[in-house]
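Enquirer: Quick one: sequence plus predicted model below, questions after.
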Amino acid sequence: MTPLAVGGLPLIRRPAMVPAVLTLTGVVLAAVTLAQVPLAMEKTPFWVMTFLALAAATVTYLPASGKATGAVISPSLVFTFAILLCWELGPAIVVQTLAVAVIAIRARQPWRDAVLGAARYAAAFGAAYLVLLVGEPDPFHTVTSADLINDTLAVAGAALAFVAVYGWLVMVTQPRTAHAGGRAQPPESLRERLTNMRDPAVHLGALTMLSPVLAVTGHVSLGFVPLVIMPLYAVERMARLSTERQRAALTDPLTGLGNRASLQSAYTEALAEPLRHGQGPTLLLLDLDGFKYVNDSLGHETGDQLLTAVAERLRGGLPTGALVARLGGDEFGVLLDESDADRALLAAQRISAAVNGPVRLSGLEVEVTAAVGVAVSPQHGEDFATLMRHADIAMYEAKRDNVCVALYRPGTDRHPQRLALLDQVRHAIVTEDRERIAVHYQPQADLVSGRIVGVEALLRWTDPTGRPVSPATVISVVEHTPVMHQLTDRIIDDAVAQAGRWRAAGLDLRTSVNVSIRDLFRDDLVARLRDRLAEHRVPARLVQLEITESALMADPARAMRTIDQLRDLGVGLALDDFGTGFSSLQHLRMIPLDEIKIDRSFVSGMTSDQHDSAIVSSVIALAGTLGLRTVAEGIEDAQTRRQLRAAGCSLMQGYLLSPAVPAERIPQLVADAAAASLAGADEPAETSTLVSALPGQQAARW
């Protein structure tokens with residue numbers, strides 16, 4: 001323990017000697033006043049007070065763990081302070097020491113802590129006794145107003161002296177407690193200690209102020225003594241609730257670890273340590289992979305078991321002086337007493353190794369993996385919020401690069417821009433801003449006839465400066481937020497409404513809409529589609545949803561429930577980006593598909609890479625055997641088109657035919673394609689002609 005100081009001057013030059021001096025003081029006080037005990041023992045009220053003091057000690061509130069290592073304030077004080085007022089110092093010290101012994105046994109305190117606690121009470125009683133000797137109160141024989149004022153001031157002064165001395169002794173002798181999560185706290189400043197003693201001081205004051213009431217009540221009649229139990233219970237209840245609130249404010253109730261507030265408090269205290277010389281601690285942010293699917297598939301109770309198991313692994317894998325906290329959901333934070341980035345990375349890797357591995361839950365072995373982001377103070381942030389944000393960025397870098405641990409790299413912070421984009425998209429959806437957010441349509445043509453038979457609805461986003469932003473960028477920002485649902489709803493509404501307008505104009509075009517993983521797990525997706533189809537009088541066969549293999553692999557059982565409902569509705573299903581996943585053949589066997597879209601990564605290499613050509617031809621043949629349409633994406637030259645037609649591919653989509661265009665351009669494209677087909681043209685209209693007809697439209701490959 002370091003010396004307490006005010007203005008740089010130590011209050012106690014050798015604080016390690018304080019417990020020994022205090023204990024000696026308590027022993028001396030007890031010995032000197034021991035002769036007063038026999039006189040008190042002759043009084044029946046003394047035995048009643050003693051019994052009540054010891055009974056109160058047996059019900060004293062202890063921490064949730066059942067153990068206590070610091071000062072414990074017991075309601076016994078009401079009775080022992082009343083004994084001080086009625087029967088002098090010696091009996092009060094003896095009874096309070098017995099009460100401390102009872103509490104120490106219940107709390108499994110080390111005997112040194114018990115002796116120190118009894119010595120604190122003895123010294124504080126001694127200070128109160130000195131005030132009583134000076135004031136000489138005699139409330140049982142008060143006859144004048146002056147006597148009443150003197151008695152009141154003397155007793156109040158004695159209570160104040162007790163609270164002041166006891167509180168000061170606790171501040172200079174009690175060791176620091178540990179944060180939830182196991183990290184010992186650094187030394188406190190005098191101001192912090194005074195702040196922390198505020199609630200205990202109020203508690204002590206309430207107990208000591210009840211004592212005169214108890215003493216006078218007992219003097220009148222012992223039968224009135226039990227009446228003090230109710231106000232005493234109220235005082236204790238308020239003190240207990242205050243303690244529990246303080247503990248709950250810093251503790252995660254599920255895992256027993258610290259929470260975000262605890263982590264931030266520990267970070268602030270670590271920075272205040274005088275020996276750091278500007279070197280802050282390291283913050284690790286850890287996020288479990290696939291936790292959502294455990295929750296969704298096995299239930300929230302199993303998810304809670306997983307979090308508890310991970311918390312235990314984190315506790316066991318922590319280096320000395322580290323603090324772990326659960327920040328919410330499946331996210332954990334670790335504060336390391338380390339300012340060197342290389343050593344922090346090594347510690348993070350050890351923690352990651354301790355967490356990763358199978359956990360048996362509900363009879364199943366669930367593989368636990370986690371990504372860890374590392375940010376070191378002060379080079380990666382001089383305040384907690386900045387360090388947390390940078391550790392979060394590093395964690396997502398680890399997820400993206402498929403590694404366990406990543407150190408924050410300056411320059412990768414795109415969060416402000418991403419948040420701004422998310423807010424802009426949300427606002428555009430709510431206000432139905434057609435300038436910012438729009439749906440364009442890319443035609444799909446029959447490879448044999450050249451006629452346009454369908455379109456794919458594609459998002460187009462323009463930022464406030466008028467610059468187009470890649471849809472992939474927009475989706476990456478919104479896909480894990482509620483805005484994703486709003487955006488999908490907007491595209492479905494626009495696409496179905498547009499299909500209705502085209503049908504009214506005599507164009508029966510199948511319209512495809514992409515849906516995300518989150519959309520596929522929605523309960524209201526099918527109902528929304530049904531309502532829109534009815535509203536715009538569009539047959540279900542003219543609408544098709546495109547899903548990706550990754551969406552199916554995330555939770556096949558849950559996805560299949562939605563797919564079955566879509567099939568019952570009559571909406572078509574296309575498997576997008578076919579060939580880029582890991583279980584394509586299984587999906588072809590299980591899912592009632594209408595169409596397979598061959599990814600552009602294979603199509604674009606057909607004319608130059610025989611392996612790509614062989615893969616595409618095989619997929620087309622397989623789909624034909626299963627009775628499925630095939631759509632080749634990314635066709636940009638005539639040679640690729642000819643090879644696909646020769647292989648038996650059903651439809652083409654790509655820049656050779658047309659990029660995505662506004663809805664009003666589609667009828668003209670359909671008419672041009674039909675005219676070319678009637679004229680027997682082997683190739684579609686040139687892309688350059690189309691693009692030149694669209695002012696401001698750039699042929700960016702989105």
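Expert: Perfect, thanks for sending it.
Enquirer: Gly256 falls within a helix, correct?
Expert: No: per DSSP: H, G, I helix; E, B strand; the rest coil, Gly256 lies outside any helix segment and is coil.
Enquirer: What residues of stretch 388-402 count as buried?
Expert: For stretch 388-402, the neighbour count (16 or more other Cβ atoms under 10 Å) marks 388-398 as buried. No exception for glycine: its C-beta is placed from N, CA and C like everyone else's.
Enquirer: got the residues you listed as TSV, with distance to Glu535, pLDDT and secondary structure columns?
Expert: TSV is the format used below for the buried residues of stretch 388-402 (distance: Cβ to Cβ, whole Å; pLDDT from 0 to 100; DSSP: H, G, I helix; E, B strand; the rest coil):
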residue	distance to Glu535	pLDDT	secondary structure
Met388	46	84	helix
Arg389	44	83	helix
His390	48	85	helix
Ala391	47	86	helix
Asp392	42	85	helix
Ile393	43	82	helix
Ala394	47	85	helix
Met395	43	85	helix
Tyr396	40	80	helix
Glu397	44	80	helix
Ala398	46	82	helix
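Enquirer: Let me know the closest of the residues you listed to Thr562.
Expert: Ranked by distance to Thr562 (Cβ to Cβ), the buried residues of stretch 388-402 are led by Tyr396 at 27.8 Å.
Enquirer: Wait, that closest one touches His390, no?
Expert: No: in this structure Tyr396 lies outside contact range of His390 using Cβ atoms under 8 Å: 11.0 Å.
Enquirer: Please read off the pLDDT at Glu365 from the model.
Expert: We have a pLDDT of 73 for Glu365.
Enquirer: you'd agree it is up against Gly357?
Expert: No: counting by Cβ under 8 Å, Gly357 is not a contact partner of Glu365; they are 9.8 Å apart.
Enquirer: Where does the prediction get shaky in the stretch 251-400 of the chain?
Expert: Counting by pLDDT under 70, the ranges of the stretch 251-400 of the chain that qualify are 271-280, 293, 296-297, 362.
Enquirer: at 90 instead, please
Expert: Residue ranges of the stretch 251-400 of the chain with pLDDT under 90: 251-331, 333-400.
Enquirer: returning to what we had before: so what sits against both of Tyr396 and His390?
Expert: The overlap between the contact sets of Tyr396 and His390 (Cβ atoms under 8 Å, 6 or more residues apart in numbering) consists of Gly373.
Enquirer: need the helices for the stretch 501-650 of the chain, in chain order.
Expert: Under the criterion DSSP state H, counting those that start in this stretch, the stretch 501-650 of the chain contains helices at 517-520, 525-536, 549-554, 556-569, 584-590, 600-603, 610-626, 638-647.
Enquirer: Show me which residues of the fourth one are buried.
Expert: Yep, that's helix 556-569 we're talking about. 556, 558-559, 562-563, 565-566.
Enquirer: got the contact list for the residue nearest to Ala371 when sequence neighbours are not counted?
Expert: Closest residue in space to Ala371, ignoring its immediate chain neighbours: Ala398 at 4.0 Å, by Cβ to Cβ, 6 or more residues apart in numbering. If you count contacts by Cβ under 8 Å, 6+ apart, Ala398 has them with 371-373, 404-406.
Enquirer: Format those residues as a markdown table; extra columns: neighbour count, distance to Asp612 and secondary structure.
Expert: Formatted as a markdown table, these follow (neighbours: other Cβ atoms under 10 Å; distance: Cβ to Cβ, whole Å; DSSP: H, G, I helix; E, B strand; the rest coil):
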| residue | neighbour count | distance to Asp612 | secondary structure |
| --- | --- | --- | --- |
| Ala371 | 23 | 33 | strand |
| Val372 | 26 | 38 | strand |
| Gly373 | 26 | 37 | strand |
| Cys404 | 18 | 34 | coil |
| Val405 | 24 | 36 | strand |
| Ala406 | 23 | 33 | strand |
